[in-house]
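Chemist: Give me a model of this one.
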Amino acid sequence: MWCAAATALGAPGNAPASPTSMFAPESTPAHSIYDISIFVLEVSGAIFVVVASLLVYAVVKFRQRRDDDGTEPAQVYGSNQIELAWTVIPVLIVVVLFLSTAQVIHRVQDARRPASALDVTVVGHQFWWEYRYPQYGFEAANELHVPVSADNQRAPTFLTLLSADTDHSFWVPRLAGKTDLIPNRTNRTWINPQQPGLYLGQCAQYCGTEHALMLLRVYVQPRDEFDRWVREQQQPAIQDPSVAEGRRVFEATACINCHTVRGTVADGRFGPDLTHLMSRDTLAAGIIPNNDANLRAWIQNPNAIKPGSLMPAMNLSDRELDQVTAYLLTLH
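Modeler: The predicted structure is shown next:
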């Protein structure tokens, strides 16, 4: 379903050519940034036109002519009117830009949180995203799901941004501005997407070897679809007897030290929660589709897919690899 949504977002007339274009905002913070950007561009453009026009005028009017006698023209030293103009006008321009920007910052950073808001804690890791839903009591990884915030049912999402290791930055251009995740500091931002679909972003602060492959995927869903997704995520892992051997291998390795599978002995916190792994469209923070072949290859050797990944190869035999893959494929 969400692959189809992603395709629809890229269709002509339905979204911008780039899915990360800030010039097609779909959330109030992004609209505010877009508006101030266009205003600054217009002011800068007007300044460029005036300065360039005066420069062209001076070059043409005072160019050297064949009948010039080579003597220096009469010099004029000082003009109160010109000096006043080039002092007052730039000051006024700076003041206007300052007040306009301050207004946008205040509107975004000091927005009131309505009772209908969703709270999500975002934790940046090397090199993946953790999403905690404290109101619902579960965690997800790499794919953020939020409800659409329509005019008749406002449901903004307020994000608390934390880092587990080094500096990261949360940036989904069509939904909000870039906000950093800094160790030992809490930052916040918010979004209120007004159209359902898939919105893409990127960690925008260099955080290590695989910074460029720490992608962001935000799924904006109608309220009923979001509520259904929440109910599914709240459930413990399915216990399928047909893959019991794969579960035994999984629980006998160091996998359980890093990953959580609710309803089992696996309660690691270092890596992503795998309770509903197969409900996600992608693996490795959005860089490859989540399917049987890619999942097996990822378990076998993560660094072959994502060099610099902190997940080690477990050196499983082919039989064990097939068993663990089969077990993980049941975690919907």
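
Chemist: so where do the strands sit in this protein?
Modeler: Remark: strands assigned in the chain by DSSP state E are 118-125, 128-133, 138-141, 143-147, 157-163, 168-171, 179-181, 187-191, 197-203, 215-221, 282-283, 288-289.

Chemist: do you know which of those lies nearest Ser37?
Modeler: Closest to Ser37 of the strands of the chain is strand 168-171 (C-beta to C-beta; 14.7 Å). In short, each C-beta sits where N, CA and C put it, glycine included.

Chemist: Output the contacting helices and strands for that closest one.
Modeler: Under the contact definition 3 or more C-beta pairs under 8 Å, 6 or more residues apart in numbering; DSSP states H and E, strand 168-171 sits against strand 118-125, strand 179-181, strand 197-203.

Chemist: please redo it, this time with the cut-off set to 7 Å
Modeler: With contacts taken as 3 or more C-beta pairs under 7 Å, 6 or more residues apart in numbering; DSSP states H and E, strand 168-171 sits against strand 179-181, strand 197-203.

Chemist: Parallel or antiparallel, list what pairs with the shortest one.
Modeler: Based on DSSP bridges, the strands next to strand 179-181 in the sheet, each with its direction, are strand 168-171 (antiparallel).

Chemist: Please list the residues outside the partner strand that contact it.
Modeler: Applying C-beta atoms under 7 Å, 6 or more residues apart in numbering, the contact partners of strand 168-171 are 122, 124, 161, 178-181, 189, 201-205, 207.

Chemist: just the strands of the chain: most buried one?
Modeler: Mean neighbours per residue, mean count of other C-beta atoms under 10 Å, is largest over the strands of the chain for strand 168-171, with a mean of 24.

Chemist: I'd like the mean pLDDT over it, please.
Modeler: Strand 168-171 carries an average pLDDT of 98.

Chemist: now that strand: how far from the chain's centre is it?
Modeler: Distance of strand 168-171 from the chain centroid (C-alpha atoms, centre = their mean, to the nearest Å) equals 6 Å.

Chemist: now swap in stretch 55-63 and tell me
Modeler: That offset, for stretch 55-63, works out to 48 Å (C-alpha atoms, centre = their mean).

Chemist: what comes up buried for it?
Modeler: Residues of stretch 55-63 include none that count as buried (16 or more other C-beta atoms under 10 Å).

Chemist: averaged over its residues, what pLDDT does it have?
Modeler: The average pLDDT within stretch 55-63 is 91.

Chemist: mind saving the C-alpha coords of that stretch as CSV?
Modeler: This file holds the C-alpha atoms of stretch 55-63, laid out as CSV (Å, rounded to 0.1, in the frame of the first residue of the first chain):
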residue,chain,number,x,y,z
LEU,A,55,25.9,49.4,-12.3
VAL,A,56,24.9,49.0,-15.9
TYR,A,57,23.8,52.6,-16.0
ALA,A,58,27.1,53.8,-14.6
VAL,A,59,29.1,51.5,-17.0
VAL,A,60,27.1,52.8,-20.1
LYS,A,61,26.9,56.4,-19.2
PHE,A,62,30.4,56.9,-18.0
ARG,A,63,32.2,54.6,-20.4
